[in-house]
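Trainee: This is the structure alone, sequence omitted:
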Ligand SMILES: [Ca+2]
Ligand SMILES: [Ca+2]
């Protein structure tokens, strides 16, 4: 998947809105779902269906999509939402997306969230002083979406 | 755009025509299922549509001659029809043309050769019965019943329910011999079984019956298959140079796959050769059946987290290792053939050469189990290399036995 | 109950004592980290604590003699110390005892033999310098510096930060020769590198220096290692029967692992030999370093969804395949040895036997790369079997070359 530099992102965003398509998707394609925390909002895009279904049977079905996929803190939270919201809306509109694959940046967001909830459990193996040896889901493949 | 996609998701359900049972013509089925049809007909042109060399090394869809590419094979298959004409296989819609055009067996092909090549077969077998179908010379069979369709929908599907079905008896018979009732197969198993009707080792029972049999009653490993052939003292041909009683192995994809970690994990043929494809909001099975190397992102990434490049590298690495030992085994076999030839020419008796010939048979059936298999070992990487290592051992021992075979004193 | 758990989770932070740099005594570190300590000291008694035969076939922790179990090895290692005393390895805390008790090299052991056996080493190497450490006879080294601790905390940890560290120079030197700076290693890489300080192939450079070197400058595959030794015309010993210049391979766990799919996927040694374990409400690294077969649920099941029984079956299947070819390669080598012996006894000249001897060297270094490796192929299943298939080919060719070697006319 192509990496998104900050500048390119801004540019694409601009172009998108100018064409009015970004806005179109945002509304028609329910891109604004990103501003909500209800998992159901994510499946407004059929392409999120698998992820929703697998989440619904995973050990973390009591945890919302955003608690894992979006940074906990305010500012970063909405920035990330806007970014992903746009990227996904953009891809949904223009790309023939066959397989959905998480971006490294979002893998880091995930891991931070795992640690946040499981601070004590991993305090010994993952002292905050050092970066995690790797993403939690390198082993806990099933945590978010079953297997 | 989104609008179109949402429409597509409705479209794919209309039934425009009622398809008759065993309908051989894919175009008819295609009216109801355009996505699957349009993908499937690509199998007739895969070689034009993708430049294989950009993806892989050992497969592909161009019918190049394996004999030209590996001249040693002529010696290895001396006396067998495969030494005459033997090509890389292509897409399903080429099957009928290929079986008619190949010089292998020329006009001597029995009806059995048609079994796995045409969607006219299910219909025909019901009418003639399998036994008569097999025993009729292929040319007659074609002429009398104007067989004109290559493999297609009817070979795998029930026209009413579209469920997968087994359209030929040999597989069910062979599984029964293993104590497995294919009638009770799960849907996931069927995603492999439909392929296993054809992508398997076989032989013809009876000089005139030419009855199609899969040699599985003792199991699917090469050791089991060899034991089966030994027990019935079967040989496909006598090697023209060494005079050893030989077995020719054909496309044992199902057998090799079944020993691998993918099979252990329930990953079937269709999972890799017919991955799901998103068409708007619905997922359809990609009917452009071809090498997964051309489609790694859709095929492998569903289950594996690694990048496309990494996954491709794993396939090629497993295949390169297999190819290395395959080549060494081939050389060991040709060395053994030469040694036996020399011993015989120096007057070693049949009795003195018995051991060398037995070893030649054992070495080559193992080598061929991997050579004739079409994934260059990927379907079961470690097993493939194990079998080749064993083949090398026996081929070199055949050479040694020939060197040791006493010559008459001058 | 929750209260207790919360206490535990706090407890794990108390620093009761300040551990000095390079502190060799695990008991001291253990005051701060009782969980890790209590697990680690089990490595001294693994064989009493688990009946290995209930779990596996090829490893375990009982120091049985490999020579008694495989008498052929005496012939294979003829003239090498490993033909005298060679045992299955045990847990880390047995290392010091084992190196002192083994009859291998008897009293002739250089200091180098101590390098991977004791947590007194980091401290000592700093004082003496590596070169002097290696060159001092082991008996002296022990006597003069009362070495009394087996492998433990200081070998892998920095006492201030508890971070993993490399406590010996050989690994860093060898990696530098490959253009890799271990200083820049990630935390995950360190989870393999600490082990790779010892679980690797090595040789001693210089008759008196006995300087410890890992032969990696051309790469980690056996072909690269062989090329390295060929280039410097190195031999560990001359085979007593065939007179071939031989290489002895030792525990190349790191080298074989690096060619496997686990390494490709970033799965390191500690992931499988030191899985996380829950202690109350915290996770700790299980320091009872042992065979994963005794602990499949914790080791494999987090990453692989299959059942414990299925995962165990996969390990054993991969090992059984490896063992089959390992045995065939062993037989091929002993046959070659016998053939060369016979040829020589019938007067074949050194020149006539040169090819056979070269092939014996090539065959045995390959066989030993898998035989001396301790996972019976599991660390890289297909590669292990590839290497053995190649070994068989060369061993049989050695036999053939010996049979062909001209004898002087009588
Ligand atoms: Ca092909
Ligand atoms: Ca052991």
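Mentor: Yep, that arrived. The structure displayed is predicted, hence computed values, not measured ones. Ligands and ions are numbered 1, 2, ... in the order given.

Trainee: what residue ranges in the stretch 301-410 of chain B score low on pLDDT?
Mentor: By pLDDT under 70, the low-scoring segments of the stretch 301-410 of chain B are B:410.

Trainee: Tell me where it has helices.
Mentor: B:308-345, B:350-371, B:381-404 (DSSP state H, counting those that start in this stretch).

Trainee: Over to chain A?
Mentor: In chain A, the helices defined using DSSP state H lie at A:6-19, A:21-28, A:39-42, A:49-56, A:65-69, A:74-94, A:104-117, A:119-123, A:142-145.

Trainee: a markdown table for those helices, including mean pLDDT and distance to residue B:207?
Mentor: Heads up, the C-betas are built off the backbone N, CA and C, glycines and all. Formatted as a markdown table, these follow (pLDDT from 0 to 100; distance: least, C-beta to C-beta, whole Å):
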| stretch | mean pLDDT | distance to residue B:207 |
| --- | --- | --- |
| helix A:6-19 | 48 | 72 |
| helix A:21-28 | 45 | 69 |
| helix A:39-42 | 82 | 66 |
| helix A:49-56 | 88 | 55 |
| helix A:65-69 | 91 | 67 |
| helix A:74-94 | 75 | 63 |
| helix A:104-117 | 91 | 64 |
| helix A:119-123 | 87 | 71 |
| helix A:142-145 | 89 | 57 |
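
Trainee: nearest to residue B:223, of these?
Mentor: Minimum separation from residue B:223 across these (C-beta to C-beta) falls at helix A:142-145, 37.5 Å.

Trainee: before we move on, the earlier item: right, so the helices of the stretch 301-410 of chain B: which one is the most enclosed?
Mentor: helix B:381-404 (a mean of 27; mean count of other C-beta atoms under 10 Å in any protein chain shown).

Trainee: about what we covered before: which one of the helices of the stretch 301-410 of chain B lies nearest to ligand 2?
Mentor: Nearest to ligand 2 among the helices of the stretch 301-410 of chain B is helix B:381-404 (22.5 Å), distances taken as C-beta to the ion.

Trainee: which helices and strands does that closest one pack with?
Mentor: Judged by 3 or more C-beta pairs under 8 Å, 6 or more residues apart in numbering or on different chains; DSSP states H and E, helix B:381-404 is in contact with helix B:308-345, helix B:350-371, helix C:308-345, helix C:381-404.

Trainee: Report the angle between that helix and helix C:308-345.
Mentor: 20 degrees (axes from the mean of the first three to the mean of the last three C-alpha atoms, to 10 degrees).

Trainee: mind checking how far the residue sitting furthest away from the middle of chain A is from residue B:285?
Mentor: In chain A, residue A:124 marks the outermost C-alpha relative to the chain mean, sitting 27.7 Å out by C-alpha atoms, centre = their mean. For residue A:124, the distance to residue B:285 equals 47 Å [C-beta to C-beta, to the nearest Å].

Trainee: Spatially nearest residue to residue B:322 (excluding sequence neighbours)?
Mentor: Computed as C-beta to C-beta, 6 or more residues apart in numbering or on different chains, the closest residue to residue B:322 that is not its neighbour in sequence is residue B:377, at 2.9 Å.

Trainee: for the one you found, what are its contacts?
Mentor: B:318-319, B:321-323, B:326, B:370, B:384-385 (C-beta atoms under 8 Å, 6 or more residues apart in numbering or on different chains).

Trainee: Regarding it, what are the backbone dihedral angles?
Mentor: Taking degrees, to the nearest 10, you get phi 90, psi -20 for the backbone angles of residue B:377.

Trainee: Relative to residue C:387, how far out is it?
Mentor: 15 Å.

Trainee: Can you tell me the centre-most residue of chain A?
Mentor: residue A:69 (4.2 Å).

Trainee: wouldn't that one be in contact with residue A:107 here?
Mentor: No: in this structure, residue A:69 is not within contact of residue A:107 by C-beta atoms under 8 Å, at 10.1 Å.

Trainee: For residue B:260, which residues are in contact?
Mentor: Taking C-beta under 8 Å, 6+ apart as the test, what residue B:260 contacts is B:379-381, B:383.

Trainee: which one of the residues you listed sits closest to chain C?
Mentor: Nearest to chain C, judged by C-beta to the nearest C-beta, of those is residue B:381 at 4.3 Å.

Trainee: export the helices and strands packed on helix B:381-404 to a markdown table and tack on distance to residue B:181?
Mentor: Formatted as a markdown table, the helices and strands packed on helix B:381-404 follow (distance: least, C-beta to C-beta, whole Å):
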| stretch | distance to residue B:181 |
| --- | --- |
| helix B:308-345 | 34 |
| helix B:350-371 | 27 |
| helix C:308-345 | 24 |
| helix C:381-404 | 33 |
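
Trainee: Can you tell me which of those helices is nearest to residue B:77?
Mentor: helix B:350-371 (9.2 Å).

Trainee: which helices and strands sit right next to that closest one?
Mentor: Using 3+ C-beta pairs under 8 Å, 6+ apart, helix B:350-371 sits against helix B:222-231, strand B:245-246, helix B:253-257, helix B:308-345, helix B:381-404.

Trainee: Quick one: closest of the ones you listed to residue B:134.
Mentor: Short answer: helix B:222-231, nearest of the helices and strands packed on helix B:350-371 by C-beta to C-beta, at 19.4 Å.

Trainee: Could you give the number of residues near residue B:193?
Mentor: Residue B:193 is flanked by 23 other residues according to other C-beta atoms under 10 Å in any protein chain shown.
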